[in-house]
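K.L.:
Below are the sequence and a predicted model for it; my questions follow.
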Amino acid sequence: DQQVKQNSPSLSVQEGRISILNCDYTNSMFDYFLWYKKYPAEGPTFLISISSIKDKNEDGRFTVFLNKSAKHLSLHIVPSQPGDSAVYFCAAGGGSQGNLIFGKGTKLSVKP
Amino acid sequence: DAGVIQSPRHEVTEMGQEVTLRCKPISGHNSLFWYRQTMMRGLELLIYFNNNVPIDDSGMPEDRFSAKMPNASFSTLKIQPSEPRDSAVYFCASSQGPPYGYTFGSGTRLTVV
């Protein structure tokens, strides 16, 4: 049973527009969430995180929104750049989990 | 800090052979994780250690897989005997523990022919 779901395997966006990546989770005990970015032939790298006590966290072009009632979080990238093309993983942790649970990833393609 | 170091970067082996993947975590990180990435399952946790002790190995697919962490600066993931379905990218990650995230290595791409 997947506790963290990224239902869109891929997303294509025009350069300069907004990219919105979505993630749903089932365990209400998760108390922190993270987004990782992965380029081909590299390991995932940490991008941004949010605690369950917040509903928004912003870092430059990247903003993560958390809707606890819907058990949903999203990553907004504005404006999108071709260098943002990568696979984005959503992850959740806390509660009884001693480790992060990752979604399957969404491949973002930003076209010039 | 050089980050999490994994070796080898690529490994091609014949079915039935033993394969050993190596990982050096970031100094001071007390948790170490082994993940496998495949198209079907995404990032799949195999096993993790806290303070060199295995905490959860429920993700290890079969008895053919084993992992050790003899000290705080080194871990191995061994597959014996290897099979073609083990072909994947294997990542090691380390962490200071919640709520900190993980730092991943560059991965080992394993191909079993």
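P.N.:
Yes, it's here. Numbers count the residues shown, from 1 in each chain, chains lettered A, B, ... in the order given.

K.L.:
Surely A:S49 is in contact with A:Y36?
P.N.:
No: counting by CB atoms under 8 Å, A:S49 stays clear of A:Y36, with 9.7 Å between them. For glycine as for every other residue, the C-beta is placed from the backbone atoms N, C-alpha and C.

K.L.:
what about the two, which has more around it?
P.N.:
Neighbour tally, A:S49 and A:Y36, criterion other CB atoms under 10 Å in any protein chain shown: the higher count belongs to A:Y36, 26 against 19.

K.L.:
That one contacts A:A91, correct?
P.N.:
Yes: using CB under 8 Å, A:Y36 is in contact with A:A91, at 6.4 Å.

K.L.:
who touches both of the two?
P.N.:
Shared contacts of A:Y36 and A:A91, defined by CB atoms under 8 Å, 6 or more residues apart in numbering or on different chains, comprise A:102, B:101.

K.L.:
ok, the residue sitting nearest the centre point of chain B - contacts?
P.N.:
Nearest residue to the geometric centre of chain B (CA atoms, centre = their mean): B:W34, 3.2 Å. B:W34 sits next to B:23, B:45-48, B:67, B:75, B:77, B:90-92 when contact means CB under 8 Å, 6+ apart.

K.L.:
circling back to that earlier point, and for A:S49 and A:Y36, which residues touch both?
P.N.:
Common neighbours of A:S49 and A:Y36 (CB under 8 Å, 6+ apart) are B:G101.

K.L.:
Against A:Q2, how distant is the residue nearest to B:Q80 when sequence neighbours are not counted?
P.N.:
Leaving aside its sequence neighbours, B:Q80 sits nearest to B:E18 (CB to CB, 6 or more residues apart in numbering or on different chains; 4.2 Å). Per CB to CB, to the nearest Å, B:E18 is found 32 Å from A:Q2.

K.L.:
With neighbour numbers in mind, choose between these two.
P.N.:
Just comparing B:E18 and A:Q2: by other CB under 10 Å the higher neighbour count belongs to A:Q2, 14 against 11.

K.L.:
Alright, that wraps it up for me.
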